[in-house]
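Enquirer: take a look and give me a structure for this.
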Amino acid sequence: MKHISALFPLVSAASVAHADPCTAYRARHVMDVEGAIGWRFYHDNPDHWSWNAQKGDAVIQDDGWAYFDGDGRHLTATIKVVYNDGTQGLYQAPSGREGWCTLPAGGQMEIQNVFSWD
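Expert: Here you go, the predicted structure:
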């Protein structure tokens, strides 16, 4: 049993450090969705920032990781990102509903605004 207990932190740490890529679509004009959840930019810690949904726990982190909390009713299963250059992206977790994933390289940079819906 001691061996299993000793391995648990290693397995746990390894699984936390890996996420599948988000499903991503980039375009110039992505339709707005009525009743979308607004997001807010936070930079309380000088070394880290994030965009957080104003409803639920969805987040885009400065390291490119994104969390979706879609429940099939009223949280975040799809994230729309509007970039400073006018392009827009739609992102979803690999499950199509909830979970962690990584945005494409640079997908967390130069964000102008974020909206989401389920």
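Enquirer: so where do the helices sit in the chain?
Expert: 2-16 (DSSP state H).
Enquirer: what does the pLDDT read for the residue nearest the centre of the chain?
Expert: Using Cα atoms, centre = their mean, the residue of the chain that lies closest to the mean C-alpha position is residue 66, 2.1 Å off. With respect to pLDDT, residue 66 scores 97.
Enquirer: what sits against it?
Expert: Applying Cβ atoms under 8 Å, 6 or more residues apart in numbering to residue 66 gives the contacts 22, 58-60, 79, 91, 93, 100-103, 108. Placement of C-beta: from N, CA and C, glycine included.
Enquirer: could you report the separation of the residue nearest to it when sequence neighbours are not counted from residue 31?
Expert: Leaving out its chain neighbours, the residue that sits closest to residue 66 by Cβ to Cβ, 6 or more residues apart in numbering is residue 60, at 4.9 Å. From residue 60 across to residue 31, the span is 20 Å (Cβ to Cβ, to the nearest Å).
Enquirer: where does this structure dip in pLDDT?
Expert: The chain contains residues with pLDDT under 70 at 1-17.
Enquirer: let me see the ranges of the strands in it.
Expert: Taking DSSP state E as the criterion, the chain carries its strands at 23-27, 37-45, 48-53, 59-61, 65-69, 78-83, 88-92, 98-102, 111-117.
Enquirer: the residue nearest to residue 66 contacts residue 51, correct?
Expert: Yes: if you go by Cβ atoms under 8 Å, residue 60 and residue 51 touch, sitting 4.3 Å apart.
Enquirer: mutual contacts of the two, please.
Expert: 39, 111, 114.
Enquirer: for stretch 47-63, give me every contacting residue.
Expert: 37-43, 66-69, 74-76, 79, 81, 103, 108, 111, 114, 116.
Enquirer: what's the PyMOL line that selects buried ones from these?
Expert: Typed into PyMOL, the line below selects the buried ones among those, using 16 or more other Cβ atoms under 10 Å:
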select buried, resi 37+39+66+67+68+69+75+76+79+81+103+108+111+114+116
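Enquirer: relative to residue 59, how far out is residue 97?
Expert: Taking Cβ to Cβ, one finds residue 97 at 16 Å from residue 59.
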